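J.: Requesting a structural model of the entry that follows:
(one chain, ligands or ions: 2)
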Amino acid sequence: MGYLGGFMVTLRQRGEKNRVTTQYSGGRVFRRNKKRAVKMDEKLEKPERLHGRHVLNRYEDGMEKCIGCELCAAVCPAKCIHVRGADNDPMKPTSPGERFGWIYEINYLRCIHCDLCVEACPTEAITETKLFEFSFTNRQDAIYTKSELLVDNSGKPQQLAWEDWREGEDLNTSGWMRATAASGDANFTGVVSWSGELGYGIRPAEDKSE
Ligand code: SF4
Ligand code: SF4
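T.: Residues are numbered from 1 along each chain as shown. Ligands and ions are numbered 1, 2, ... in the order given. Here you go, the predicted structure:
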């Protein structure tokens, strides 16, 4: 089939019934107002535990939670995390531990958002937001660096130029699911917990009755 034939197939597939790939737009819905043909750009509501792009969290005093242990990189099935730890300066530590995450990178061309890195992290430093509406035009942007992943001075994710954040989406970004019971307490198996963190303080665990 030549180019012309290909275009004809594409043109025949236009139309409401035949749309498949063109209908999906990064989780957004385009609704057409019949009277004025206005296009609305809305995101679909997401599940509370959706796994989106990561953040590196800070404690309430602003210190970084990452201790550079590399467990997240070790567990990652896609081998997309690159971490290197370094010793803290005792006079001006970056994290409360002996070491801190000196280099931290996630390659989003590989990440499958399985959340295993979040489960493996002993300090809840790495968690996932609900944002998945982000795309890149070059490889460099797809590899998030520590300075991009680290939450800002108010504890919220940074909003990068190629990400589509909407109002309220930067809240509660550090919910994480415990695969195992916290401290061996079976009551907390599978319950979302919140650690004390910059901008949010300590929030109560998810209500299991809901
Ligand atoms: S979510 Fe999964 S694939 Fe993505 S960085 Fe974490 S462990 Fe790797
Ligand atoms: S994010 Fe967590 S698991 Fe990964 S290096 Fe930092 S402290 Fe270790």
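J.: drop to CA atoms for contacts and neighbour counts, all remaining ones
T.: Will do.
J.: check contacts around the closest residue to residue 99 other than its chain neighbours.
T.: Spatial nearest neighbour of residue 99, chain neighbours left out: residue 87 (4.3 Å); criterion: CA to CA, 6 or more residues apart in numbering. Contacts for residue 87 were tallied using CA atoms under 8 Å, 6 or more residues apart in numbering; they are 98, 99, 100.
J.: Mind pulling up the pLDDT for the last one?
T.: I take that to be residue 100. At residue 100, the predicted lDDT confidence score is 97.
J.: Checking it next. Helix, strand or coil?
T.: Classification of residue 100 by DSSP: H, G, I helix; E, B strand; the rest coil places it in strand.
J.: Would you mind measuring from it to ligand 2?
T.: Relative to ligand 2, residue 100 is positioned 8 Å away (CA to the nearest ligand atom, to the nearest Å).
J.: Tell me what that residue is bridged to.
T.: In this entry, residue 100 is beta-bridged to residue 86, by DSSP bridges.
J.: And residue 134, how far from residue 125?
T.: Relative to residue 125, residue 134 is positioned 22 Å away (CA to CA, to the nearest Å).
J.: which residues does the nearest residue in space to residue 143 that is not next to it in sequence contact?
T.: Excluding the flanking residues, the one nearest residue 143 by CA to CA, 6+ apart is residue 107, at 4.3 Å. Shown in contact with residue 107 (CA under 8 Å, 6+ apart): 80, 81, 142, 143, 144.
J.: So in terms of bridging, what pairs with the second one?
T.: Right, the one you point to is residue 81. Under the criterion used here (DSSP bridges), residue 81 is bridged to residue 106.
J.: Dump the contacts of residue 107 into JSON lines; add pLDDT and distance to ligand 2 as well.
T.: Conversion of these to JSON lines gives the following (pLDDT from 0 to 100; distance: CA to the nearest ligand atom, whole Å):
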{"residue": "80", "pLDDT": "97", "distance to ligand 2": "12"}
{"residue": "81", "pLDDT": "98", "distance to ligand 2": "8"}
{"residue": "142", "pLDDT": "94", "distance to ligand 2": "18"}
{"residue": "143", "pLDDT": "96", "distance to ligand 2": "16"}
{"residue": "144", "pLDDT": "97", "distance to ligand 2": "14"}
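J.: so which of the residues you listed comes closest to residue 68?
T.: Checking the contacts of residue 107 against residue 68 by CA to CA gives residue 81 as the nearest, at 11.8 Å.
J.: Sweet, I'm off.
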